[in-house]
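> Just the structure for this:
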Amino acid sequence: MNEQGFINYSRIAEVIECILHSSVQPTLEDIARKVNLSSSQLQKLFIDWAGVGPEEFLKYISVQHAKQILSNTELSDTARLHDSFVEIQRMTSEECKNKGESLTINYNFAKSVFGEILVASTHKGICYMGFSDDKQIAFSELEKRFPNAGFIHQMDDIQQIGLQFFTQDWSKIHTIKLHLKGTDFQLKIWEALLKIPLGNLTTYGQIAEIIQNPKAARAVGTAIGSNPIAFLIPCHRVIQSSGVFGGYMWGTTRKTAILGWEAAKVKVLNTNF
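Numbering: from 1, shown residues only. Prediction:
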């Protein structure tokens, strides 16, 4: 993992917080001043972290840009990324009912371009991945999901393969195996999320239509909110139909950062081809 990318994220988060909590759109000079950077330092920060300057990045996290993406999004078999690498295996009914009593779960903390992350795995695949601003709170969330499991604080090969997804060198990634506890409906929703192309957005209603249950938008939202795998299952790409990004289990600031970063990466990829 790029250590500098991890360090830069904390400053990026400051900038996004400044924007989200301003009653009027601040200028770049205002933003730079509030995060104790010069305009040139702010420019370098964004180029190093996202590949684009702050002015372009701010366009990518605007409601106007989100509405434009929503109007053009199609969950097709092209331009997708996550479902090319991610393979979901459902936990057995016994593993679900006994709350993980038969499971031994390895877990560890790692650094990513969106902050620290907790990743946990069984011998079959990653069972939880969540961003962790507080290690104890993050581990407590893992324990709540599998209260009877045995936990070992160690990194394993399954986790390392999953964490490679944050390196951006996707040509070298092996299949990432997930071992998930969920209902049939939840798994259907999580699998649908894998079909959202990188840099694209969709709504709860559109996901409900994809699974051919257009009246289930509220249930879809609940299933998305219970997604146990951050980033690899891209629940962050589901937003409100108004273009507002809305809530996120790991914070609105982080969701905004991820969506801006992904939009920037698509721009860079398209420029290079």
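
> so where's the stretch 1-150 of the chain shaky on pLDDT?
1-2, 73-84 (pLDDT under 70).

> Helices along that one, start to end?
3-20, 28-34, 39-50, 54-60, 63-72, 82-85, 93-97, 135-145 (DSSP state H, counting those that start in this stretch).

> In CSV, list the ones you listed along with distance to Ile229.
Every C-beta, even on glycine, is put in place using the N, C-alpha and C of the backbone. Shown next, in CSV, are these (distance: least, C-beta to C-beta, whole Å):
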stretch, distance to Ile229
helix 3-20, 19
helix 28-34, 32
helix 39-50, 23
helix 54-60, 24
helix 63-72, 23
helix 82-85, 10
helix 93-97, 16
helix 135-145, 11
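
> Tabulate the ones you listed (JSON lines), appending distance to Ile239 and mean neighbour count.
Below are the helices of the stretch 1-150 of the chain laid out as JSON lines (distance: least, C-beta to C-beta, whole Å; neighbours: other C-beta atoms under 10 Å):
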{"stretch": "helix 3-20", "distance to Ile239": "14", "mean neighbour count": "17"}
{"stretch": "helix 28-34", "distance to Ile239": "23", "mean neighbour count": "16"}
{"stretch": "helix 39-50", "distance to Ile239": "19", "mean neighbour count": "17"}
{"stretch": "helix 54-60", "distance to Ile239": "13", "mean neighbour count": "18"}
{"stretch": "helix 63-72", "distance to Ile239": "6", "mean neighbour count": "14"}
{"stretch": "helix 82-85", "distance to Ile239": "17", "mean neighbour count": "16"}
{"stretch": "helix 93-97", "distance to Ile239": "30", "mean neighbour count": "12"}
{"stretch": "helix 135-145", "distance to Ile239": "23", "mean neighbour count": "14"}
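
> To Asn108, which of these lies closest?
helix 135-145 (10.6 Å; C-beta to C-beta).

> tell me what that closest one is packed against?
strand 104-112, strand 115-121, strand 126-131 (3 or more C-beta pairs under 8 Å, 6 or more residues apart in numbering; DSSP states H and E).

> could you dump those strands to TSV with distance to Ser39?
Shown next, in TSV, are those (distance: least, C-beta to C-beta, whole Å):
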stretch	distance to Ser39
strand 104-112	27
strand 115-121	25
strand 126-131	29
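
> so which of the ones you listed gets nearest Ser71?
strand 126-131 (29.6 Å).

> Can you list the neighbours in contact with the closest one?
Outside strand 126-131, the residues that touch it by C-beta atoms under 8 Å, 6 or more residues apart in numbering are 91, 103, 105, 107, 112, 114-121, 138, 141-142, 145-146, 158-159, 162, 176-181, 228-232, 249-251, 254.

> give the contact list for Leu193.
By C-beta under 8 Å, 6+ apart, Leu193 lies in contact with 82, 207, 224, 227, 233-235, 237-238.

> Need the residue closest to the centroid of the chain.
Phe231 (2.7 Å; C-alpha atoms, centre = their mean).

> what residues are up against it?
112, 114, 129, 165-166, 258.

> If we use 10 Å, what do you get?
82, 112-114, 117, 129-131, 162, 165-166, 250, 254, 258, 262 (C-beta atoms under 10 Å, 6 or more residues apart in numbering).

> Pull out the buried members of the residues you listed.
Buried members of the contacts of Phe231, scored by 16 or more other C-beta atoms under 10 Å, are 82, 112-114, 117, 129-131, 162, 165-166, 250, 254, 258, 262.

> Between the helices and strands packed on helix 135-145, which one is closest to Phe46.
strand 115-121 (16.6 Å).

> Show the model's pLDDT score for the residue nearest to the centre of the chain.
Note on Phe231: pLDDT of 94.
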